[in-house]
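[1] Fold the following and give me the result.
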Amino acid sequence: MSFNSNNLLFITALAFVAVISCNNQSSSAQKLKDDSTTTAQKQQTAIIPFIDNRFNQAARFIAGLNQLNENEYSVWEKKPEWIAYKYQMDSTWEMLASTRFNVMEQFYEENWSAHRKNEGAVYYPFSGPDWLNIYQVYPHASSYVMAGLEPVGKIPNPMSMTKPNELSKNLNGFYNGFRTIKEWGYYVTSYMQKDLNLTKLKGVIPIDYLFMIRMGCAIENVELLSLDSTGKALVVAEFPLDKINMHGCRITFRHKDNKPGVLTYFEGNLEDVDSKAYGHSYIKNYGNYVRANVKNANSYLKAASYLLYSKTFINSLHLLLDVSKTMLADESGVPYDKIDRSKWDITLYGTYRKPIKYFTWISQPELKRAYEKDSSSIKQIPFFTGYHREIGQSNLQFYIKK
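    Prediction:
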């Protein structure tokens, strides 16, 4: 995400997939279907939603997973465009699970197992749609509160994109929303908004559908929210056109173990002041909501554009510190040099590298010295995270409130 020249790339998350062009699919569709049979059977065995409702049906279609029962999507699963899409989704997800997700889970389990088992709240500001990465860290939480500039979007209706000649366009458009994260590991808001604007699967909701269903969760309900300045979230059929209420959504779901969970996401500028580029500041609305609904949270920040280093995000920083009992962040998230050591215990992981070229204005003298002083005893990270996109170049800091 970009907040002028000093604040670029406001997002997070994952590495994903290329959807093959449909120009030459007719001749190869049957082969792709045959080749993906084993993968499909594995996915069906591993990922079984608890409720075969319209939300999970749409999510399975978007995620490239076959329906559990015959329904209106079944006929479209036979189309060469969707078969090709499914084949790539299956292959890429399996690759990511074996080379990245499993490594991440093992590292998190080895280093803060007790915190991962916590079923309380998880707080992830400046997240964009990146529910997947926070779920890797905290897979048992009862609630996840997230926020970003990325638009909420609408409750997906994939059947609206199945008219002749539209399926290929929309599947490819949905993929293009991920075009930066395959190489970079995080979302670029401006790219995502542009690419997803070309498809009927717009916004955060369909992306989190994909993540949830692929991670073995089941969606129970999805609601659009209108958040007023007092922090009250009202369920609405359509977002109001005013600039007073903040847009949001609430996805009620079941974890793999059938325990309930809620993901709440809000869209808007969280700067302390209105922004010419990003509009009205919703920090009052959002801050009131978070303080009322998030207590003693495990918080997470990644690829956060160093926003909390800025004087115009003081309220967001105070909000984070007030509601968190732990914070896991890379160097772009929590401003290490500003944290009161008498209130927080801090453990360093990985390797310190100076900010990438987009953030050369950032200075982190205390963080740099801390890594240099204890370099021989700091545990390394076996995967990349944040802006440094090579294994062995990333860092994380884990803060525990005293």
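[2] per-residue confidence at the closest residue to Asp330 other than its chain neighbours?
    Take Asp330 and drop its neighbours on the chain: the residue closest to it by C-beta to C-beta, 6 or more residues apart in numbering is Gly386, 3.6 Å away. (Glycine included, C-beta is placed from N, CA and C.) pLDDT recorded at Gly386 is 88.
[3] Repeat that for Thr99.
    For Thr99, the model assigns a pLDDT of 84.
[4] cool, Tyr278 as well?
    87.
[5] Can we start the residue count at 134 from this point?
    Taking 134 as the first residue, the last one we looked at is Tyr411.
[6] any idea how far it is from Lys335?
    Separation of Tyr411 from Lys335 (C-beta to C-beta, to the nearest Å): 18 Å.
[7] between the two, which one's more packed in?
    Remark: of Tyr411 and Lys335, Lys335 carries more neighbours, 23 against 20, as counted by other C-beta atoms under 10 Å.
[8] hmm, back to that, quick one: the residue nearest to Asp463 and Phe492 touch, right?
    No: contact criterion C-beta atoms under 8 Å: Gly519 and Phe492 do not qualify, at 11.3 Å.
[9] which residues are common contacts for these two?
    Both Gly519 and Phe492 are contacted by Ser465, under the criterion C-beta atoms under 8 Å, 6 or more residues apart in numbering.
[10] between the two, who's got more neighbours?
    Per other C-beta under 10 Å, whichever of Gly519 and Phe492 has more neighbours is Gly519, with 26 against 18.
[11] measure the more buried one to Glu404 for me?
    Gly519 is 21 Å from Glu404, where distance means C-beta to C-beta.
[12] same thing with Asn266?
    Asn266 sits 23 Å away from Glu404, going by C-beta to C-beta.
[13] now Glu371
    Taken as C-beta to C-beta, the span from Glu371 to Glu404 is 26 Å.
[14] Which of those two has more residues huddled nearby?
    Glu404 (23 against 8).
[15] If you count contacts, what does the helix or strand hosting Val368 end up packed against?
    Assessed by DSSP states H and E, Val368 sits inside strand 366-369. Contacting strand 366-369 under the criterion 3 or more C-beta pairs under 8 Å, 6 or more residues apart in numbering; DSSP states H and E are the following elements: strand 351-360, strand 379-387.
[16] what do you get if the cut-off is 7 Å, keeping everything else the same?
    For strand 366-369, the packing partners by 3 or more C-beta pairs under 7 Å, 6 or more residues apart in numbering; DSSP states H and E come out as strand 351-360.
[17] The strand it packs on: which residues count as buried?
    Residues of strand 351-360 classed as buried by neighbour count (16 or more other C-beta atoms under 10 Å): Ala351, Ile352, Glu353, Val355, Glu356, Leu357, Leu358, Ser359, Leu360.
[18] Same check on stretch 405-420?
    The neighbour-count check on stretch 405-420 (16+ other C-beta under 10 Å) flags Asp405, Ser408, Tyr411, His413, Ser414, Tyr415, Ile416, Asn418, Tyr419, Gly420 as buried.
[19] Confidence-wise, which of those residues comes last?
    Among the buried residues of stretch 405-420, Tyr411 has the weakest pLDDT, 87.
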